[in-house]
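Student: the following comprises the amino acid sequence and a computationally predicted model.
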Amino acid sequence: MKTEIVSDPTDFRRRAAPLLADEARHNLILGILGTLISAPDVYPERRLFLVTDESGPQCAAVMTPPYNLILADTPDPKALSVLIEALLVEDLEMPGVIGNQPTIDRFVGEWRRITGGRADLQMEQGVFVLTEVSGIVGGPGMPRPGEPADQRLLEQWMRTFIAEALPDEPFEEERQQRAIARRLSGEGPNAYWLWEDDGEVVSWSGHGNPTGRGIRIGPVYTPRALRGRGYATALVAAQSQWLLDNGYEYCFLYTDLANPTSNAIYERIGYRKIAVSAVYGLGAPNKPESAPIG
């Protein structure tokens, strides 16, 4: 086996297609590949790793520094070992890794064995998919699309959301401002939805990174003082229905499995868990002298 670093995301997606065939399980990596193809300026730095042998692709991974490495499902631990050796040669600043079980567990085991470095579990997530909204329930009010005038509010909410839900993820102020402005511009498939009650914006949800037949929901945020009133439930249900009505076969989202309340909310809407994903922070490794890179 050997690891190739593929420069063209379209070529990478084509060659890795056998590993990414389950669109629901791979919605994160497929969504990012779609963004790399359609809007390359969003992620100016990227690494696309493909482990192959004579029979074809055996492992695929995507990284957009400074964010975590994302793994495709990989049944063969040998391919993960080859990938890790190549990652070490590349000498990337790699804060962590995310992938579905059991691949992520195998990667972590190989990382610890090869590098002697730490791999600390940061979060277990449920990967959920929806094909039909079972009922639009929740609090009073109405949804509306986000507008450029919402920029400052959503910048504040994004900062709070990341601090609460993703404390280990790097927060880059300028990048987040640009990303929010892009979604509020109305250009492309990525957008934000807001829920208003009596003229006040009370909840926020995004959608973006389409995978072909599906699209991912997130982030979803309601200020603490306004939680428990059903706003986010109603917003995500209405947003999901709109996406299904406008050509998508399914919607995806990730949940923190340590938060049973949010998991139950999404299940009531009609989302069902199809995989468990985990995020690990990676410690400093001991680097080998060489590894096969094509």
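Tutor: Structure's in. What do you need? Just so it is clear, the model here is predicted, and its values are computed rather than measured.
Student: contacts and neighbour counts: CA atoms only from here.
Tutor: OK.
Student: where does pLDDT dip in the protein?
Tutor: Scanning the chain for pLDDT under 70 picks out the ranges 136-137, 286-294.
Student: show me the strands in it, by range?
Tutor: Using DSSP state E, the strands of the chain run over 2-5, 47-53, 56-63, 69-71, 96-100, 119-130, 142-145, 191-197, 200-208, 214-221, 250-256, 272-282.
Student: could you dump those into a markdown table and include distance to Gly109 and mean neighbour count?
Tutor: Supplementary listing: those in a markdown table, determined by distance: least, Cα to Cα, whole Å; neighbours: other Cα atoms under 10 Å:
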| stretch | distance to Gly109 | mean neighbour count |
| --- | --- | --- |
| strand 2-5 | 19 | 20 |
| strand 47-53 | 18 | 21 |
| strand 56-63 | 16 | 23 |
| strand 69-71 | 14 | 23 |
| strand 96-100 | 13 | 24 |
| strand 119-130 | 9 | 20 |
| strand 142-145 | 44 | 16 |
| strand 191-197 | 38 | 22 |
| strand 200-208 | 32 | 21 |
| strand 214-221 | 29 | 22 |
| strand 250-256 | 23 | 23 |
| strand 272-282 | 11 | 19 |
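Student: and the closest residue in space to Phe128 that isn't next to it in sequence, how far is that from Gly138?
Tutor: When the adjacent residues along the chain are set aside, Phe128 lies closest to Lys273, with 4.3 Å between them (Cα to Cα, 6 or more residues apart in numbering). Using Cα to Cα, to the nearest Å, we find Lys273 at a distance of 21 Å from Gly138.
Student: which ones are touching the residue nearest to Asp198 when sequence neighbours are not counted?
Tutor: For Asp198, ignoring the flanking residues on the chain, the nearest one in space by Cα to Cα, 6+ apart is Gly141 at 6.8 Å. Gly141 sits next to Trp195, Glu196, Asp197, Asp198, Tyr231 when contact means Cα atoms under 8 Å, 6 or more residues apart in numbering.
Student: for Lys273, see how far away the nearest residue to Leu33 once chain neighbours are set aside is.
Tutor: Leaving aside its sequence neighbours, Leu33 sits nearest to Pro9 (Cα to Cα, 6+ apart; 6.2 Å). Per Cα to Cα, Pro9 is found 28 Å from Lys273.
Student: and what of Tyr221?
Tutor: Counting by Cα to Cα - Tyr221 and Lys273 are separated by 20 Å.
Student: having no further points to raise, I will conclude here.
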